[in-house]
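Chemist: fold the following.
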Amino acid sequence: MNLKSLCVLGLLTLGTPLMAQECPVLLQGELPQLRSDQSINLCERFAGKPLLVVNTASFCGFTKQFTGLEALYQRYKDQGLNVLGVPSDDFRQEADSSAETAKVCYVNYGVTFSMTDAQAVRGHDAIPLFQELAKQSRAPRWNFYKYVVDAKGNVLASFSSLTKPDDPELIAAIEKAIASQADQP
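Modeler: Model prediction:
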């Protein structure tokens with residue numbers, strides 16, 4: 001290997017950890033997009049942006065919150081807000097197939113924000129996103145737990161399933177997360 005090749009290899013190796021450090025721990029990784037062969041690269045999609053993460057379920061008493069979550073997304077998306085719905089069967093209320101989950105989300109409730117395939121959100125099997133959410137806040141205790149994340153990847157607040165999408169405290173946290181974009185380089 002010549003000197004030029006070694007230099008290029010060295011630069012590539014040095015660049016890798018720096019890129020990983022630029023992405024908050026919370027957003028490192030990919031998740032399969034609901035009813036798609038594509039994945040959602042969390043860092044590429046959400047780094048530097050305010051984010052609301054919600055663990056969802058198709059057959060829960062709180063499923064109707066999809067309507068309010070979509071309204072919240074429509075209200076704030078032009079200000080940079082992203083919403084990520086993560087279906088989970090951890091509480092035994094998710095559909096048996098991603099096709100059925102997609103029907104509930106997209107057809108029944110008109111969801112346009114990002115949705116993943118069903119994932120584990122509690123305990124040792126929880127995906128890294130929810131492990132970090134739990135570390136910074138707490139693990140979801142039921143479906144439709146809500147986490148407001150600022151533009152730096154820090155959980156600003158979490159809200160129980162009982163908190164409706166139009167709750168003033170949730171909206172205040174979202175507006176604080178939106179304001180955090182101003183602190184970004």
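
Chemist: going forward, measure contacts between C-alpha atoms and count neighbours the same way
Modeler: Fine.

Chemist: partners of Y147 in the sheet?
Modeler: V53, S158 (DSSP bridges).

Chemist: and if you look at N41?
Modeler: E30.

Chemist: near it, how many other residues are there?
Modeler: 16 (other CA atoms under 10 Å).

Chemist: do I have it right that it meets Q33?
Modeler: No - look at N41 against Q33 with CA atoms under 8 Å: they stay out of range, at 9.5 Å.

Chemist: give the contact list for M115.
Modeler: Going by CA atoms under 8 Å, 6 or more residues apart in numbering, M115 touches Q33, L34, L84, G85, V86, P87.

Chemist: most neighbours, which of these?
Modeler: Counting neighbours by other CA under 10 Å, P87 leads these with 28 neighbours.

Chemist: and the pLDDT for it?
Modeler: Per-residue confidence (pLDDT) for P87: 98.

Chemist: in this structure it contacts F130, no?
Modeler: No - P87 is beyond contact range of F130, at 11.9 Å (criterion: CA under 8 Å).

Chemist: assign C105 to helix, strand or coil.
Modeler: helix (DSSP: H, G, I helix; E, B strand; the rest coil).

Chemist: what residue ranges in this protein score low on pLDDT?
Modeler: The chain contains residues with pLDDT under 70 at 1-21, 184-185.

Chemist: can you give me the helices for it?
Modeler: Secondary structure of the chain (DSSP state H): helices at 3-22, 42-46, 65-76, 98-102, 128-136, 168-179.
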